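S.K.: Turn this into a model:
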Amino acid sequence: MEASLTEYYRQECLRALYAKQERPRYCAWVNKDMMAKAPRRPRKRVTFATVLEIVGTADASVDRRPIDVSPISRLEIMELLSQRIFPGQACN
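M.R.: Down below sits the predicted model:
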């Protein structure tokens, strides 16, 4: 009796292990459909133009240097939000 319970427990543990795995392997109760690989997703590709194309011109007077941003305090956020005018309030 104990040997059959041990074997049953071993089989249940194996079933649980295979159920967790993506593709169960080397198991007698697994059919070929379960072993099939998932279809591959098409790869995303980037292509480059063979001829140089100028889309536009940049304005030289615009300053494009990065700026230092300091964090906003909770008090400043509350003040800014309290000063907002929502569209429903503007119609009244």
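S.K.: what packs against the helix or strand where residue 14 lies?
M.R.: Element membership for residue 14 (DSSP states H and E) is helix 2-20. Contacting helix 2-20 under the criterion 3 or more CB pairs under 8 Å, 6 or more residues apart in numbering; DSSP states H and E is no other helix or strand. All C-beta spots, glycine's among them, are computed from the backbone N, C-alpha and C.
S.K.: in that helix, what counts as buried?
M.R.: Neighbour counts over helix 2-20 (16 or more other CB atoms under 10 Å) mark residue 18 as buried.
S.K.: Adjust the sequence numbering to begin at 340 for everything that follows.
M.R.: Will do, 340 is the new start, and the previous item becomes helix 341-359.
S.K.: average model confidence for that helix?
M.R.: Averaging pLDDT along helix 341-359 gives 74.
S.K.: And for stretch 417-426?
M.R.: 80.
S.K.: Which residues outside it are in contact with it?
M.R.: Here stretch 417-426 makes contact (CB atoms under 8 Å, 6 or more residues apart in numbering) with residue 411.
S.K.: 10 Å - rerun?
M.R.: By CB atoms under 10 Å, 6 or more residues apart in numbering, the residues outside stretch 417-426 that reach it are 411, 412.
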